[in-house]
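Asks: Return a 3D structure for these sequence lines:
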Amino acid sequence: MTGKEAFLKYGKILDILSIIYKILPRAVRLKLFQMHRNTNGKIGLAVRYALIKGLAKSVGTNVSILPGCYFKYLENLDLGNNVSINPMCFIGCAGGGIHRRQRIDSPWQYNTVYKPYI
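Replies: As a prediction, this is how the structure comes out:
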């Protein structure tokens, strides 16, 4: 079963778990998120998704946060659909969230970076 199929199957349960977590104070949810940072397996994926859904600005469907990820300024994080955040990465969202494509057929847009020759 792929991750997308698993999310379709268990998505409602994750939404209910997220609602239950939202009852807790934000400081407790942040501590729980830190405690489950390195939890392996499907339980870790489910707990991190349910917690980040209540901590971030917005979270789409089928978001996979693998063990060992570090986040700062979660209140500004904006994740789209079908996002995978791989192990041992740091994401700081002081100025906003992760880029999100508005239309599936629109190309990614990159800024041109000019480096001086030495």
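
Asks: Where is the longest helix in this protein?
Replies: Longest helix in the chain by number of residues (criterion: DSSP state H): helix 3-22.

Asks: Name the residues of it that come out as buried.
Replies: Buried residues in helix 3-22, counted by 16 or more other C-beta atoms under 10 Å: 7, 14, 17-18, 21. From N, CA and C alone the C-beta is placed, and that goes for glycine too.

Asks: Can you give me the neighbour number for the nearest residue to residue 7 once chain neighbours are set aside?
Replies: Of all residues not flanking residue 7 in the chain, residue 62 sits nearest, at 4.5 Å (C-beta to C-beta, 6 or more residues apart in numbering). Other residues within reach of residue 62, judged by other C-beta atoms under 10 Å, total 18.

Asks: mind listing what residue 62 touches?
Replies: 3-4, 7, 81-83 (C-beta atoms under 8 Å, 6 or more residues apart in numbering).

Asks: Ok, residue 42 next?
Replies: Listed by C-beta under 8 Å, 6+ apart, the contact partners of residue 42 are residue 6.
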